[in-house]
Structures are given as C-alpha cells and as structure tokens.
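In: Next input, structure requested:
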Amino acid sequence: MPRLPAGEAPEEIYGSLVFNMAEMERRLPKAVVRALRETIRAGRPLDPTVADVVAQAMKTWAMEKGATHYAHVFYPLTGQTAEKHDSFLSPAEDGRAIAEFSGRQLIQGEPDASSFPSGGLRATFEARGYTAWDVTSPAYILENPNGNTLCIPTAFCSWTGDALDKKTPLLRSMQALNQQARRVLQIFGEPDPEYVVATAGAEQEYFLIDRRLYLLRPDLLIAGRTLFGARPPKGQEFEDQYFGAIPERVLAYMFDVERRLYKLGIPVKTRHNEVAPSQYEIAPVYENANVAADHQQIVMQTLRATAPAYGLACLLHEKPFAGINGSGKHLNWSLACGRRNLLDPGETPHENARFLVFCAAVVRAVHKHADLLRASVAHAGNDHRLGANEAPPAIISVFLGDMLTDIFQQIERGRLNGVAKPGELRIGVDTLPPLPKDAGDRNRTSPFAFTGNKFEFRAVGSSQSISGPLVVLNTIVAESLDYIATELEVRTAGNPSKLNAAVHELIRDIMREHGAVVFNGDNYSAEWHAEAERRGLPNRRNTVDSLASIRRNTEAEQLFARYGVLSPREFESRNEIYLERYVKEIRTEALLCHRIASSTLLPAAHRHQGELATTIISLSNAGVPNPHSEYLLRLTGHVREFETRIATLDAAIAGAANAPHDPLELARYYRDTVVPAMAEVRQTADALEPIVADDLWPLPTYSELLFVR
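Out: Purely as a prediction, here's the structure:
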C-alpha cells in the first residue's frame with residue numbers, strides 16, 4: 001500500500017490544487033478580482049475583457065503546479081465526467097515551442113459532440129458542440145504520476161444553443177430559484193437581499209471489495225453489480241458492520257482519498273462503515289449546489305481511481321449484491337442568503353414566519369411535483385433499491401418531525417396553542433451531562449426529510465450525478481416561491497401591516513391543499529402504502545412507470561420553460577435519453593447474464609454432474625447400495641431447469657427486435673419480459689451454487705467478495 005507523507009496537516013494542503021479566490025487575489029489585479037467576485041457571489045455577468053488576464057494568471061499557476069495540458073471538463077447526459085485535454089505548448093516559427101493560453105481558450109472550447117446522447121436535439125452527423133467556462137466553479141489541477149492537467153469546469157451546449165449537459169440546467173435552475181426567493185425576502189422587508197443560492201452536500205455510500213476477486217467477476221466488471229450469487233451464511237443480520245472499526249487496508253485507502261480531495265478543496269467531513277459488509281460512506285460539508293455537483297463527480301472519480309493502489313475495487317452501483325443493503329446518495333439541500341440559512345428556524349417571530357414560508361414552499365413543491373422528483377432518481381440501478389427495507393419507498397413524502405408538523409397543523413386549524421420547546425435528553429448515567437434534545441427524531445425511512453436546517457432527499461442513487469435531482473428540486477421550489485410571492489403581494493396589497501395575517505392564511509391554505517404529502521411514520525410499512533394511495537400520492541414503482549408519468553407532460557414542460565431551465569425540446573430530449581439508457585442497461589445485463597450462465601456456470605454444473613455420475617457408477621459397481629442417486633437427480637433437475645431458463649432468456653433478448661421501437665414501449669418490453677427472464681436464470685444459478693463442488697464453481701462467491709478485506 002502507498003504511504004502518505006508523514007506530518008502533513010490537512011489544513012496545509014486543503015485547496016492547494018485549486019485556483020480559488022485566495023489564489024486569484026494573490027495573482028490578479030483588484031479590479032479583476034472584484035469582477036470575478038461579483039459574478040460568483042451575485043450572479044452578475046462576467047466582463048469578457050478580464051478573460052485574458054485570468055487566463056495568463058491561471059496558466060502560470062497551473063504550470064508552477066506541473067501542468068502541461070488544460071482540459072475543459074463537462075458533464076454530458078451520460079451522467080459521467082467528460083474532458084478534452086489540450087497542451088499549453090504551441091510551435092514557434094524558429095522550431096521551438098512556447099506555452100500559450102488565451103482568454104478565448106479559457107472561455108470556450110469545442111469538443112466533438114456527435115457521440116454524446118442528445119435525445120433528438122441534433123442529428124448524429126452534426127458534431128459541433130461548445131464548452132463554456134463556468135466561472136462560479138473553480139479550476140483545479142488533476143494530478144497524475146506522469147504529469148498534471150489544469151481542469152476548467154464548463155457548460156456544454158450544441159451549435160444551436162441547446163443544453164447537452166447537466167450543468168447548464170443546474171445553473172439556470174439556481175438562477176430561477178434566486179429570483180423567486182429574493183421576491184419573498186423583499187416582501188419580508190428586505191429591499192435588496194443578497195443573492196440566494198441553493199446549497200447541497202451528498203453523502204456517498206459505496207462498496208470496497210478485493211480487486212483480485214473483482215477481476216474474476218465479469219458481471220461486476222461490466223454491469224457494476226453481481227448478476228449471480230447465492231446468499232452467504234452470514235450477511236448483515238448481525239448488524240456488526242455498521243459504524244464498526246474500519247479495516248486497516250480500507251482506512252489507509254480512506255486517508256488517501258481524503259488527502260486527494262482536500263487538495264482539491266472538497267470539504268469531506270465524515271467516514272464510517274455502513275450497514276452491509278464491505279460498505280462504507282463518505283460525506284462532505286454542504287456548499288454551493290453547482291460546486292457541490294462538480295465536487296460530487298470528483299469524489300466518485302477519486303473513490304474509483306484510488307482503489308487499485310490498495311488492491312481494492314470501488315463499487316458505486318445501487319445494488320451490487322442481492323440480499324443485503326444497496327447504496328444511496330443522501331442529498332442534503334437548503335437555501336442560503338449570504339451567511340443565513342433560510343431553512344433554519346430564527347430567534348424572532350418575524351424570522352420564524354419567514355422560515356415557515358420557505359418550509360411550506362418546499363412542502364407544496366414536493367406534493368405538487370412528486371412525479372418530477374421521483375423521475376429525477378429513476379434509472380435501472382435504483383430500481384433494485386427503492387422500495388426495499390433499506391431505502392425510501394418509491395412514494396415521495398415529506399418528513400417534518402413532530403414539532404414542525406404540530407406548528408403547521410395548528411396553523412391549518414387556525415388555533416395557535418404554542419410550541420413545545422426542545423428539552424434535555426437524560427441518559428441515566430450520573431457521569432454524563434444532560435444532552436440537548438432535538439425537536440424531533442430522525443426518520444431514516446422517509447425519502448424527503450427535514451433534518452433541522454435542511455431537507456435530505458434520500459432516494460438519490462449512489463451512482464447518479466446529483467445535478468438532475470438538484471435541477472428538479474430548485475425548479476419546483478422556485479415555482480412554489482413564485483406562487484407564494486404573488487399571493488403575498490396580492491393579499492398584503494403593499495401594506496406591511498397585513499403581512500402576518502397574510503402569511504398565516506397562506507400557510508393554512510397550502511397545508512390544507514398539500515399537507516397530504518407530510519408523513520412522519522414508517523414509510524416501509526404496508527399500512528403506509530395503503531394510506532398513501534388513499535391520500536392520492538403517486539407510487540411509481542420502477543423507472544419505466546416513473547418516466548412514463550412525465551413523458552410528453554405539457555404541465556411539466558411548461559414549468560421548466562417558464563423559468564428558463566429547460567426548453568420543451570430539451571425537456572423532451574432528456575426523457576428520451578433516460579428511457580434509451582434504461583433499455584441499454586437492461587440489454588447489456590441480459591446479454592451478460594446469458595453469456596455467463598451458458599458459457600461459465602452451466603459447463604461447471606455439467607462437469608459436477610458428470611463427476612457425480614461417474615462416482616455413482618463406480619460405487620454401484622463396488623456394491624455400495626443407493627450411492628447418492630437422489631442427490632444426482634436433484635442436481636439434474638436444477639441443470640435441466642437452468643438450460644430451459646437460459647433458452648427463455650435467449651428468446652426474450654431476441655424478441656426485442658420485434659418489440660415496438662418507441663422508447664417507452666421498448667422499455668416496457670425489457671421491464672416486463674427480459675428482466676423477469678434474467679431473474680429466473682439467476683434464481684436457478686443461485687440454487688446450483690451451493691450444491692456444485694466449490695472447486696468447480698467458477699465465480700468468487702458472496703462470502704469471498706464481502707468478507708475478504
């Protein structure tokens with residue numbers, strides 16, 4: 001294992017590879033720094049004349065850090081990170097080379113866009129795409145043993161100006177959210193409030209397994225999850241992994257990951273063992289949502305890239321192993337205005353009224369646009385996780401906690417009887433002091449929970465970019481704040497003395513219309529599913545149903561268009577892309593499942609069957625009575641069933657050629673025909689694994705994958 005530099009303090013290296021504001025202040029004229037600060041903090045347009053000055057300073061800084069190339073980093077609709085590297089060196093007339101980097105090269109790049117998914121926004125032969133410098137997300141150095149690269153976060157669009165990425169809609173949604181949030185603050189007596197920014201922090205769950213075993217599992221290599229694997233004798237039922245002592249090799253890996261992230265200015269805060277064997281979590285302090293989304297991509301990339309040096313493989317799939325907990329990405333979200341958190345209860349009645357208005361806006365947004373929020377986390381990997389007793393159900397509801405729910409219920413009834421204050425939690429041990437008691441317990445079963453000063457969207461998948469959920473969340477809350485601001489403007493008629501009564505009435509009306517989405521109980525229970533149906537809450541159990549609910553949805557199209565987040569063309573394109581991606585993922589898994597089953601597992605079962613038959617014949621010839629014939633019959637039954645189910649899967653895969661080619665109908669075919677056929681092949685394979693001789697079974701087992709640490 002690599003050894004990290006001894007005595008290196010995290011605070012000394014934090015942000016050392018980032019061209020941040022502190023670095024800019026050291027290297028740029030004050031007027032340029034002022035212009036950049038106005039763009040970053042207040043959303044003001046960037047003066048193009050400063051680009052050349054910034055580019056020269058950035059190039060000098062990067063080359064001092066050992067950079068030889070620069071890359072415009074962007075986030076296409078694959079959900080992955082993309083980058084095009086260009087050298088700083090340009091040939092000179094005298095045969096030498098000089099280092100160049102202009103303002104134009106900083107502001108704009110032109111990668112080939114032809115092979116990225118566009119959902120019909122352009123034809124494949126139309127290759128031109130542009131990257132545009134996002135000044136609000138700092139440039140950084142990507143280290144490599146053989147040389148470093150200056151990475152510049154950018155937006156990515158087509159020649160026609162359509163967004164082909166995840167960053168552009170995120171920036172647009174944050175702009176819309178700021179505009180509507182500031183309207184509400186102005187009604188509350190702030191004539192010129194500071195820029196309101198969405199903040200985010202994603203808790204990342206992941207698995208680490210031994211790399212040698214990983215390389216022996218083609219399903220993990222290609223699909224990211226095990227398509228086969230019988231349950232081990234021990235899983236997570238002892239609950240001994242959760243928050244347990246971190247294994248030495250894993251801890252060394254975590255130290256290295258954190259060191260790399262510290263240098264990139266990523267505020268990772270927490271590490272611990274998660275519930276399942278070999279499952280772990282890393283969590284940051286939350287920050288500007290756009291920067292947080294960029295940082296999240298770097299976190300996933302760093303987790304994967306660091307693992308091989310420690311003989312490990314990092315798995316980010318939502319369900320790498322059947323029968324134990326999968327991985328999510330809890331997205332913590334709030335609103336900040338300067339140093340204030342607008343979702344933090346205040347010290348005065350006025351501040352608390354403002355807090356309740358913003359909180360009610362979120363409740364209304366989640367209830368009114370639950371299908372959009374559910375669709376933002378819909379993909380094939382998350383279908384294995386959502387709804388199981390380890391993750392939120394597919395029903396979107398809001399947890400507010402007892403105290404906040406009581407406040408809203410009092411307002412809804414029109415009778416305010418006071419608020420129960422948080423008390424002290426006495427533990428019953430004399431040597432321990434009383435601890436301050438929170439206003440309510442946490443609810444780990446809720447998909448969207450208020451946790452004291454932020455909301456936690458717990459349904460996001462572990463492999464996902466958080467940009468999509470953030471775009472939806474920002475936009476639907478912007479729409480709610482727009483509604484609230486308009487209503488308060490009408491109800492107060494410009495008279496501040498009417499504000500308290502107007503706020504009270506508006507919150508009452510919102511909770512009466514949208515309070516059905518609030519649920520503080522056990523989201524896993526069958527009773528809640530029945531109750532949610534009575535309340536009219538949608539239950540989109542899988543990706544296909546979820547995406548179908550918003551496809552060609554005029555109201556959803558108009559919502560994004562109204563706030564300038566997605567044009568109708570851009571909205572439609574994303575629906576098509578996500579349906580196509582679902583089909584591609586299931587088809588890849590099905591082909592892989594068929595190949596492993598027919599060319600790897602079935603031959604192993606045949607060999608064991610042949611060896612057992614030979615043994616029985618030998619024992620029978622030796623006069624041994626009834627020599628294991630029942631065992632052979634049971635094995636033969638499984639083998640025959642396996643052959644039949646492999647053939648059924650083969651037919652299901654071939655049948656896709658005759659299925660409707662509309663993306664939604666094709667996705668339904670794969671869900672209803674191919675996925676069940678895969679499940680049946682796996683069921684028989686997993687029944688064979690414990691009875692085929694261990695030295696013949698070709699795949700590392702769950703016991704090996706999960707417990708070799």
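
In: Quick one: the strands in the stretch 351-500 of the chain, in order.
Out: All strands of the stretch 351-500 of the chain, identified by DSSP state E, counting those that start in this stretch, fall at 398-399, 424-425, 435-436, 448-450, 455-457.

In: Would you indicate which residues of stretch 173-186 are buried?
Out: By 16 or more other CB atoms under 10 Å, the buried positions in stretch 173-186 come out as 173-185. C-betas here are computed from N, CA, C, even on glycine.

In: Take those and write them to TSV, including distance to Val518.
Out: As requested, these are exported to TSV (distance: CB to CB, whole Å):
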residue	distance to Val518
Ser173	24
Met174	26
Gln175	29
Ala176	25
Leu177	22
Asn178	27
Gln179	27
Gln180	22
Ala181	22
Arg182	27
Arg183	25
Val184	21
Leu185	25
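
In: So in that sheet, which strands flank the lengthiest strand in the chain, and in what orientation?
Out: Counting residues, the longest strand found in the chain (DSSP state E) is strand 196-210. Partners of strand 196-210 in the sheet, by DSSP bridges, are strand 279-284 (antiparallel), strand 287-288 (antiparallel), strand 312-315 (antiparallel), strand 329-337 (antiparallel).

In: Can you check which of those gets nearest to Gly229?
Out: strand 312-315 (13.1 Å; CB to CB).

In: Tell me the gap between that closest one and the middle of its chain.
Out: Distance of strand 312-315 from the chain centroid (CA atoms, centre = their mean, to the nearest Å) equals 18 Å.

In: Next: stretch 263-282.
Out: Worked out by CA atoms, centre = their mean, stretch 263-282 lies 15 Å from the chain centre.

In: Now do the end-to-end distance for that stretch.
Out: For stretch 263-282, the first-to-last residue distance is 16 Å (CA to CA, to the nearest Å).

In: Can you give me the buried ones in that stretch?
Out: Under the neighbour-count criterion of 16+ other CB under 10 Å, stretch 263-282 has 263-268, 271, 273-282 buried.

In: what is the mean pLDDT for that stretch?
Out: Average pLDDT, stretch 263-282: 95.

In: going on from the longest strand of the chain, what's the next piece of helix or strand?
Out: As assigned by DSSP states H and E, the chain's next helix or strand after strand 196-210 is helix 211-214.

In: In that following helix, which residues are buried?
Out: Result for helix 211-214 [16+ other CB under 10 Å]: buried residues 211, 213-214.

In: now do stretch 576-595
Out: Within stretch 576-595, the residues scored as buried using 16+ other CB under 10 Å are 576-579, 581-583, 585-586, 589-594.

In: of all those residues, which comes closest to Ile298?
Out: Out of the buried residues of stretch 576-595, the member with the shortest distance to Ile298 (by CB to CB) is Arg581, at 22.5 Å.

In: What ranges does the stretch 601-709 of the chain have for its helices?
Out: 602-621, 629-655, 663-669, 675-688, 702-707 (DSSP state H, counting those that start in this stretch).

In: Can you name every helix or strand that the third one contacts?
Out: When you say that, I think you mean helix 663-669. helix 543-550, helix 568-596 (3 or more CB pairs under 8 Å, 6 or more residues apart in numbering; DSSP states H and E).

In: Among those helices, which comes closest to Val250?
Out: With CB to CB as the yardstick, what comes closest out of these is helix 568-596 (28.1 Å).

In: Report the angle between that closest one and helix 602-621.
Out: Helix 568-596 runs at 20 degrees relative to helix 602-621, counting by axes from the mean of the first three to the mean of the last three CA atoms, to 10 degrees.

In: Check the offset of helix 568-596 from the chain's centre.
Out: Relative to the centre of its chain, helix 568-596 is centred 18 Å away, using CA atoms, centre = their mean.

In: Helices of the stretch 51-200 of the chain, residue ranges please.
Out: 51-64, 103-107, 167-187.

In: For the shortest one, which outside residues touch it?
Out: Residues from elsewhere that reach helix 103-107, judged by CB atoms under 8 Å, 6 or more residues apart in numbering: 48, 50-55, 58, 70, 86, 132-133, 152.

In: most surrounded residue in those?
Out: When neighbours are taken as other CB atoms under 10 Å, the top entry among the contacts of helix 103-107 is Ile152 (27 neighbours).

In: could you check the distance from that one over to Leu499?
Out: Counting by CB to CB, to the nearest Å, the gap from Ile152 to Leu499 is 45 Å.

In: What about the buried residues of stretch 263-282, which are in helices?
Out: Lys263 (DSSP state H).

In: what's the closest non-adjacent residue to Val518?
Out: Val398 (5.2 Å; CB to CB, 6 or more residues apart in numbering).

In: Look up how far Leu705 lies from the residue lying closest to Ala391 once chain neighbours are set aside.
Out: Of all residues not flanking Ala391 in the chain, Arg385 sits nearest, at 4.7 Å (CB to CB, 6+ apart). Applying CB to CB, the value for Arg385 to Leu705 is 18 Å.

In: Nearest the middle, which residue of the protein would you pick?
Out: With distances taken as CA atoms, centre = their mean, Gln464 lies nearest the centre of the chain, 3.5 Å away.

In: pLDDT score for that one?
Out: On the pLDDT scale, Gln464 is placed at 96.

In: List the residues that contact it.
Out: Contacts of Gln464 by CB under 8 Å, 6+ apart are 79, 329, 377, 379, 382.

In: Verify the contact between the second one and Val460 for me.
Out: The reference is to Lys329. Yes - at 4.4 Å, Lys329 counts as touching Val460 under the criterion of CB atoms under 8 Å.
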